[in-house]
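Student: My questions are about this predicted structure, shown below with the sequence.
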Amino acid sequence: MPKVSLVTKSDYATVTAGRRAAFLMASTPPQPARVSLRDVAKTVGVSHVTVSLALRGDTRVSATRRTEIRAAAEQLGYRPDPMLSSLASYRRNKSAVPISATVG
């Protein structure tokens, strides 16, 4: 008599989830890593702070260095991360709520 193996619901769920994950991994191409300020800084040979200041047009970075950094950023394909930009904007524009209390 042949041996019969019983498949439980949890076994089926595990196999189904594994197949779904394998399908998703095979069907979506890998996303390239974002170019960061640090990548641009390594290319130019300056700090990431200098790159940030240069891309914002700060006068503390010389005009020639700003041009060099902007060219390197464009060549590498640097784009600001939209999620980080919106977070910075939120923090910058958030107004402090005054706290008032009455003791008594």
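Tutor: Done, it's in. Numbers count the residues shown, from 1 in each chain.
Student: for the protein, which spans come out with low pLDDT?
Tutor: In the predicted model of the chain, residues 1-32, 104 satisfy pLDDT under 70.
Student: where exactly do the strands run in the chain?
Tutor: With DSSP state E, there are no strands along the chain.
Student: Please list all residues in contact with residue 34.
Tutor: Residues near residue 34 by Cβ atoms under 8 Å, 6 or more residues apart in numbering: 79, 81. Where you see a C-beta, it was placed from the backbone N, CA and C, and this is true even at glycine.
Student: let's see it at 10 Å
Tutor: 77-81 (Cβ atoms under 10 Å, 6 or more residues apart in numbering).
Student: Can you lay out those as TSV showing neighbour count?
Tutor: What follows is the contacts of residue 34, written out as TSV (neighbours: other Cβ atoms under 10 Å):
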residue	neighbour count
77	10
78	19
79	10
80	12
81	12
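Student: any idea which of those is closest to residue 48?
Tutor: Minimum distance to residue 48 across these is 11.5 Å, recorded for residue 78 (Cβ to Cβ).
Student: Name the nearest residue to the closest one, ignoring sequence neighbours.
Tutor: Distances taken as Cβ to Cβ, 6 or more residues apart in numbering put residue 35 closest to residue 78, at 4.5 Å, once the chain neighbours are dropped.
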